[in-house]
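Participant: for reference, the sequence and a predicted model appear below.
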Amino acid sequence: SVPQDLLEASIIDGAGWFTRLKSVIFPFMVPVISMNLVLTVRNGVMVFDVIKVMTGGGPGYTTSSVGITIYNMGFYEMKFGFSTAISLFLFLIIAVISFAQISLLRKKGTGQL
C-alpha cells in the first residue's frame, strides 16, 4: 500500500493524477506486481493436480502440461531417465526465474527485499 502522507504531499506539490501514478503509486506497486507475475508463471508451469483430477491430461494432449508430461513419461511409459531430465530442466528454469526475480526486487543499496 502507498503511504497516505506521500499521496497528500504529491497533491500539495501540484502533481496531476498521471504524475502521482507514475512517480508515487507505481514505484510502490512494482514489487507486488512482479511477485504476482513470477508466482503466476511458476504456478502455470507447475500445474499438475488440477489437470490430473479434472481431465487426466486428456483427451489426447489437449490439457497436457509439463507436470503431466513428466508424470506420463515416468509412470506410464517407464522412461524414468527422461522424466528425471525433464524434471531437472523444469527445476533449472524455475530457479533462474526465481533468482532473477529476487535480484530485480532487491532495494538498491540496502540488499533487502
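Facilitator: That came in fine, so what should we check first? Numbering: from 1, shown residues only.
Participant: could I get the full set of helices for the chain?
Facilitator: Per DSSP state H, the chain carries helices over the ranges 4-12, 17-20, 26-46, 49-54, 66-71, 80-105.
Participant: quick check: buried residues in the third one?
Facilitator: Spelled out, that is helix 26-46. Using 16 or more other C-beta atoms under 10 Å as the test for burial, helix 26-46 gives residue 38. For glycine as for every other residue, the C-beta is placed from the backbone atoms N, C-alpha and C.
Participant: okay, it in CSV with CA atoms only?
Facilitator: Presented in CSV, the C-alpha positions along helix 26-46 are these (Å, rounded to 0.1, in the frame of the first residue of the first chain):
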residue,chain,number,x,y,z
PHE,A,26,3.7,2.7,-9.4
PRO,A,27,7.1,2.5,-7.6
PHE,A,28,5.3,1.1,-4.5
MET,A,29,3.3,-1.4,-6.6
VAL,A,30,6.3,-2.8,-8.7
PRO,A,31,7.4,-5.3,-6.1
VAL,A,32,3.8,-6.6,-5.6
ILE,A,33,3.1,-6.8,-9.3
SER,A,34,6.4,-8.5,-10.1
MET,A,35,6.0,-11.1,-7.3
ASN,A,36,2.5,-11.9,-8.5
LEU,A,37,3.7,-12.2,-12.1
VAL,A,38,6.5,-14.6,-11.2
LEU,A,39,4.3,-16.7,-8.9
THR,A,40,1.6,-16.9,-11.6
VAL,A,41,4.1,-18.0,-14.2
ARG,A,42,5.6,-20.6,-11.8
ASN,A,43,2.2,-21.9,-10.9
GLY,A,44,1.2,-22.1,-14.5
VAL,A,45,4.3,-24.2,-15.2
MET,A,46,3.8,-26.4,-12.1
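Participant: measure how far stretch 83-92 is from the centre of its chain, please.
Facilitator: The chain centroid and the centroid of stretch 83-92 are separated by 18 Å under C-alpha atoms, centre = their mean, to the nearest Å.
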